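Student: Here is my input; please provide its structure:
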Amino acid sequence: MDISCKPKFVDPFQYIVPILNRFQQYEVTSSCLLKGKMGNTAFVPSFCLFGEDMNKNQRAFELSGMKFPVLAKPLVAHGKHGAAHDVSSNHVIFYKLDFWNLSFWLTFRHLETGSTK
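Tutor: Got it, this is the predicted structure:
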């Protein structure tokens, strides 16, 4: 019997969709931690969305409390091809001036090192 044409979903599709967007992944994980649902067993670094409006981007960055360096990743977090799996589309940003060299619709997250938490 060929089952390749009959996909089975363990989770309802409405719960899968949010994890296809990297920003929504961070928000869902962070809200679970804030509500104590995960028993504070995971760490979610500061994060924000980087869109087309540079003023909003700067404000979101400041409100998130992030410090440099930050990791910029494509918003799309799925697919076998394209930006989701292209390591060259990930950027480490060390200074605010580097924002101007990026394409839009990225997620920023604080780049944690082994010595920080």
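Student: does Phe108 have beta-bridge partners, and which?
Tutor: Phe108 has these beta-bridge partners by DSSP bridges: Cys48, Ala72.
Student: surely it meets Gln58?
Tutor: No - using C-beta atoms under 8 Å, Phe108 is not in contact with Gln58, being 11.3 Å away. For glycine as for every other residue, the C-beta is placed from the backbone atoms N, C-alpha and C.
Student: Looking at those two, which has the bigger crowd around it?
Tutor: More crowded of Phe108 and Gln58, by other C-beta atoms under 10 Å: Phe108, with 26 against 13.
Student: All the strands of this structure, in order from the start?
Tutor: Secondary structure of the chain, counting by DSSP state E: strands at 47-50, 70-74, 91-93, 106-110.
Student: Adding mean pLDDT and distance to Val28, write the ones you listed out as TSV.
Tutor: Output for the strands of the chain, formatted as TSV (pLDDT from 0 to 100; distance: least, C-beta to C-beta, whole Å):
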stretch	mean pLDDT	distance to Val28
strand 47-50	84	12
strand 70-74	84	16
strand 91-93	82	24
strand 106-110	78	13
